[in-house]
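Trainee: Only the shape, not the letters, is given here:
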């Protein structure tokens, strides 16, 4: 089946509208602003928030839809990418056909709609990963994947934008929770303990390691469990989970057939003036220096995409030990979203240290691709 161009599927006026909105300026929001604004979820504030999203979300979504149309190397024609493009266009249409938000009833209806949009986009990451796999399959094997810089840069922008869209929708929806957890403002925990989140994330990663290998190295955490700062626990959980999972896999595979004692993975949480830094250290044998540039690319994974050609595209769930090789690049985007970063330093023949820097000032604006 030939890929249908936009003009065959949508009216000219609709496409023009997408392009018009895609040219408008995006407005970034900071963690501190989200926290202060959301700490009083009055009807008036929720109304202001919904009106802002009613204008902001179509701009962000239109930009991504336009980009999905013009990707290099024929990536735009891949069936999985077309599916993602259609999700974005459907969401754009839903947002644009929603009337002006004038009162609390409108706001409630709007909140239900953006909740649906968030669910519609749940599988965007594996679906785009499948598109990239479809691209790689048909490509000349002589092409060096690091040369595909344009695809890499597009995916960084695309996923960063997605983190922002999901944060804005999730934050607005969470402010409606009638029984919020103590110290929580929507997605943001004003007194989050990084040690506690690291512990939970490590346990989750070890459970998966157990399932896969029948055993799992220990994880030792150093840091003050009573130290807290404002952050988004789900974001931190995702990043630490990913780093610990990689370390567990490396250590497990290094010691699998050896009679040496498996070395534990060490997590250190340091509380600085500007940053909270979390270091995840393993003795899993490290990464070759030639392989280091590849660990943040989307086109490189030693593992199989759980969502491969044979599986039903609707059935992507559950976490595997090694996924589509997206864990590290996407974790780095989550870190950068609130002004942090992720660095990996490795000693081949020994092990790897991952440094996760989280900005504790809360002043950074969203990076808007």
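Mentor: Perfect, I can see it now. In this text, all values refer to a predicted model and were calculated from it rather than measured experimentally.
Trainee: what about residue 335, how many neighbours?
Mentor: Residue 335 has 22 neighbours, counted by other Cβ atoms under 10 Å. The C-beta positions use only the backbone N, C-alpha and C, and glycine is treated the same way.
Trainee: low-scoring stretches of the stretch 51-200 of the chain, by residue?
Mentor: Across the stretch 51-200 of the chain, the ranges flagged by pLDDT under 70 are 140-147.
Trainee: Now do the contacts for residue 241.
Mentor: Applying Cβ atoms under 8 Å, 6 or more residues apart in numbering, one finds that residue 241 lies in contact with 201-202, 204-205.
Trainee: what residue of the protein is the furthest out?
Mentor: residue 259 (38.2 Å; Cα atoms, centre = their mean).
Trainee: which SS state does that residue fall under?
Mentor: coil (DSSP: H, G, I helix; E, B strand; the rest coil).
Trainee: Tell me the spacing between it and residue 183.
Mentor: Separation of residue 259 from residue 183 (Cβ to Cβ, to the nearest Å): 48 Å.
Trainee: next one: residue 72
Mentor: 46 Å.
Trainee: Equivalent analysis for residue 103, please.
Mentor: 31 Å.
Trainee: Which of the two has more residues huddled nearby?
Mentor: Set side by side, residue 103 and residue 183 show more neighbours around residue 183, with 12 against 9, by other Cβ under 10 Å.
Trainee: just checking, that one touches residue 189?
Mentor: Yes: counting by Cβ atoms under 8 Å, residue 189 is a contact partner of residue 183 at 5.9 Å.
Trainee: could you pull out the helices for the stretch 51-200 of the chain?
Mentor: In the stretch 51-200 of the chain, the segments counted as helices under DSSP state H, counting those that start in this stretch are 79-96, 104-120, 124-137, 149-174, 194-213.
Trainee: Using TSV, lay out those together with distance to residue 10 and mean neighbour count.
Mentor: Shown next, in TSV, are the helices of the stretch 51-200 of the chain (distance: least, Cβ to Cβ, whole Å; neighbours: other Cβ atoms under 10 Å):
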stretch	distance to residue 10	mean neighbour count
helix 79-96	7	20
helix 104-120	17	15
helix 124-137	20	21
helix 149-174	20	19
helix 194-213	42	19
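Trainee: Would you mind telling me which of these is nearest residue 232?
Mentor: Smallest distance to residue 232 across the helices of the stretch 51-200 of the chain (Cβ to Cβ): 7.4 Å, for helix 149-174.
Trainee: what angle sits between the closest one and helix 79-96?
Mentor: 40 degrees (axes from the mean of the first three to the mean of the last three Cα atoms, to 10 degrees).
Trainee: Now do residue 187 against residue 154, distance only.
Mentor: 26 Å.
Trainee: So residue 224: helix, strand or coil?
Mentor: coil.
Trainee: my guess is it meets residue 268, correct?
Mentor: No: using Cβ under 8 Å, residue 224 is not in contact with residue 268, being 11.2 Å away.
Trainee: For those two, indicate the residue with more neighbours.
Mentor: Shown here are residue 224 and residue 268; by other Cβ under 10 Å, residue 268 has more neighbours (16 against 12).
Trainee: May I have the beta-bridge partners of that one?
Mentor: Taking DSSP bridges as the rule, residue 268 bridges to residue 222, residue 279.
Trainee: Can you name the residues that contact it?
Mentor: 221-223, 278-279, 281.
Trainee: tell me the domain ranges of the chain?
Mentor: Split into domains by automatic domain parsing, the chain comes to 10-181, 187-359.
Trainee: The last one: how far from the chain's middle?
Mentor: On the basis of Cα atoms, centre = their mean, to the nearest Å, domain 187-359 sits 14 Å off its chain's mean C-alpha point.
Trainee: Between the two ends of it, what distance do you get?
Mentor: Terminal residues of domain 187-359 lie 17 Å apart, using Cα to Cα, to the nearest Å.
Trainee: ok, now the first one?
Mentor: For domain 10-181, the first-to-last residue distance is 44 Å (Cα to Cα).
Trainee: still on that earlier bit, which members of the contacts of residue 268 are classed as buried?
Mentor: Listed as buried from the contacts of residue 268 are 221, 223, 278-279, 281; burial here means 16 or more other Cβ atoms under 10 Å.
Trainee: so which pair among these is furthest apart in space?
Mentor: Of all pairs in the buried ones among the contacts of residue 268, the most separated under Cβ to Cβ is 223 and 281 at 13.2 Å.
Trainee: Now for the two: what residues contact both?
Mentor: Contacts common to residue 223 and residue 281, judged by Cβ under 8 Å, 6+ apart, are 267-268.
Trainee: Cool, thanks, signing off.
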